[in-house]
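>>> Below: sequence and its predicted model.
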Amino acid sequence: MFGRLGLPELVLILVIALIIFGPRKLPEFGRSIGSSIKEFKRATDGLSDRYESEEEEEKQQQEAVESTKAEKEETVETAETAETAAAAEGQEASQGQEGAQGEEEKEKTKEQGEQPEAAKQEIA
């Protein structure tokens, strides 16, 4: 609605302002409006700078939190891998002990099996 002010509309507004305020007050009025607009721009620029700096700080905090989470996940994965490796080594060691015990039992069984055969040969 107000965005479409053409040259004829602006001239009409200036003529009405000249009639209302007079030739002496009109330049003073223009200066005060100009200074008000400058101060408004400075204030909005300050707010936008402040808003942008806050956004950057939030992004940095989020990145720090994400990197901390990633480090924790890596630590957990490393710990799980170490536990898995330790468990696998423990199983291999226990299997090795079981295997050694199994071999000892086989030797005992063979010795026991040989004894009856030796006894049979003595009898015969």
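Happy to help now that I have it. All values reported here derive from a predicted model rather than from experimental measurement.

>>> pLDDT averaged over whichever helix or strand residue 83 is part of - what is it?
Here residue 83, judged by DSSP states H and E, is contained in helix 7-123. For helix 7-123, the per-residue pLDDT values average out at 77.

>>> Quick one: distance of it to the chain centre.
Computed by CA atoms, centre = their mean, to the nearest Å, the separation of helix 7-123 from the middle of its chain amounts to 2 Å.

>>> Same question for stretch 5-21.
Between the mean C-alpha point of stretch 5-21 and the mean C-alpha point of its chain there is a distance of 58 Å (CA atoms, centre = their mean).

>>> For it, list the C-alpha coordinates in PDB.
What follows is the C-alpha trace of stretch 5-21 in PDB, where atoms were taken according to Å, rounded to 0.1, in the frame of the first residue of the first chain:
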ATOM      1  CA  LEU A   5       4.700   6.000  -3.800                       C
ATOM      2  CA  GLY A   6       5.600   7.600  -7.100                       C
ATOM      3  CA  LEU A   7       7.000  11.000  -7.900                       C
ATOM      4  CA  PRO A   8       3.700  12.800  -8.000                       C
ATOM      5  CA  GLU A   9       2.700  11.500  -4.500                       C
ATOM      6  CA  LEU A  10       6.100  12.600  -3.000                       C
ATOM      7  CA  VAL A  11       5.700  16.100  -4.500                       C
ATOM      8  CA  LEU A  12       2.200  16.400  -3.000                       C
ATOM      9  CA  ILE A  13       3.500  15.300   0.400                       C
ATOM     10  CA  LEU A  14       6.300  17.800   0.300                       C
ATOM     11  CA  VAL A  15       3.900  20.600  -0.700                       C
ATOM     12  CA  ILE A  16       1.600  19.800   2.200                       C
ATOM     13  CA  ALA A  17       4.500  19.600   4.600                       C
ATOM     14  CA  LEU A  18       5.700  23.000   3.400                       C
ATOM     15  CA  ILE A  19       2.300  24.500   3.900                       C
ATOM     16  CA  ILE A  20       1.900  23.000   7.400                       C
ATOM     17  CA  PHE A  21       5.400  23.600   8.800                       C
END
